[in-house]
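Enquirer: let's see this in three dimensions:
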Amino acid sequence: MSAASVPQPRATRADETAAASGGRRSLAAALSLGAVGAAVVLLASGQTWAEGTVAVGGGTVPLEASGGDVTGVPTALAIVGLAALVAVFAVRRAGRFLVSLLLTLSGAGAALAAYLGATDSAALNAKAAATTGDAAARIGTLTHGAWPYITAAGGLLILVAGLLALRHGRTWPAMSGRYERDGGPRERKGTRTAAPAGPDRPEDLWKALDRGEDPTRDA
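Expert: I've put the predicted structure just below:
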């Protein structure tokens, strides 16, 4: 005698509510972390990363280099990360996975580029050469600030947002395809939109006559 198959219990409403709540929390966290991380990268990249002096004549001239002078990679990747964060909601399935991966890589790349630029002296050496007119001039008393590491921290926030998208993105909502670009409702398949009636349309005149109506009574 074969054993009867035991039906599997359906998910309870509590489980569904918990899953939806978890999806909303991960979505809110990813949006917050991604937006804050990109803002931090863009702000910190514009600050002074390194300072130094160069000998000119009998004295010295102070020079400084911003994050943009050292490397433009964090800023570019932060912008890419913001675009990917928005695009996550415009795509589904494989597309969402790829965009989430792009978001993750953007954060990792921004953090790595900022970290590598924290001890860079090439930007200040180039400024020293331009200031003195001597291509062999080098910067002296070089000091680095904390802004490169703050930029790297912003990149890590973008990275975490990408990891959340990779892990939970499949449960997030997507942009509705209900509306066309002009904002009007999209016509459902298999249905036809009725054409507006009017006395200037010949077919409407004939239809009105067939119904025994006077098509000119409202003219």
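
Enquirer: now do the contacts for residue 63.
Expert: For residue 63, the contact set (CB atoms under 8 Å, 6 or more residues apart in numbering) comprises 51, 52, 53, 54, 124, 127, 128, 131, 139. Yep, even glycine has a C-beta here, placed from its N, CA and C like the rest.

Enquirer: can you pull out the helices in the protein?
Expert: Ranges of helices in the chain, per DSSP state H, are 13-44, 67-70, 73-87, 93-117, 122-132, 147-168, 202-210.

Enquirer: can you lay out those as CSV showing distance to residue 61 and mean neighbour count?
Expert: Listed next are these as CSV, based on distance: least, CB to CB, whole Å; neighbours: other CB atoms under 10 Å:
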stretch, distance to residue 61, mean neighbour count
helix 13-44, 26, 17
helix 67-70, 16, 22
helix 73-87, 27, 21
helix 93-117, 23, 20
helix 122-132, 6, 18
helix 147-168, 22, 23
helix 202-210, 84, 12
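
Enquirer: in a markdown table, list these along with distance to residue 60.
Expert: Listed next are the helices of the chain as a markdown table, based on distance: least, CB to CB, whole Å:
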| stretch | distance to residue 60 |
| --- | --- |
| helix 13-44 | 28 |
| helix 67-70 | 19 |
| helix 73-87 | 30 |
| helix 93-117 | 24 |
| helix 122-132 | 11 |
| helix 147-168 | 23 |
| helix 202-210 | 88 |
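
Enquirer: by mean pLDDT, show me the worst of the ones you listed.
Expert: Among the helices of the chain, helix 202-210 has the lowest mean pLDDT, at a mean of 60.

Enquirer: of the helices of the chain, which is nearest residue 59?
Expert: Closest to residue 59 of those, according to CB to CB: helix 122-132, at 11.8 Å.
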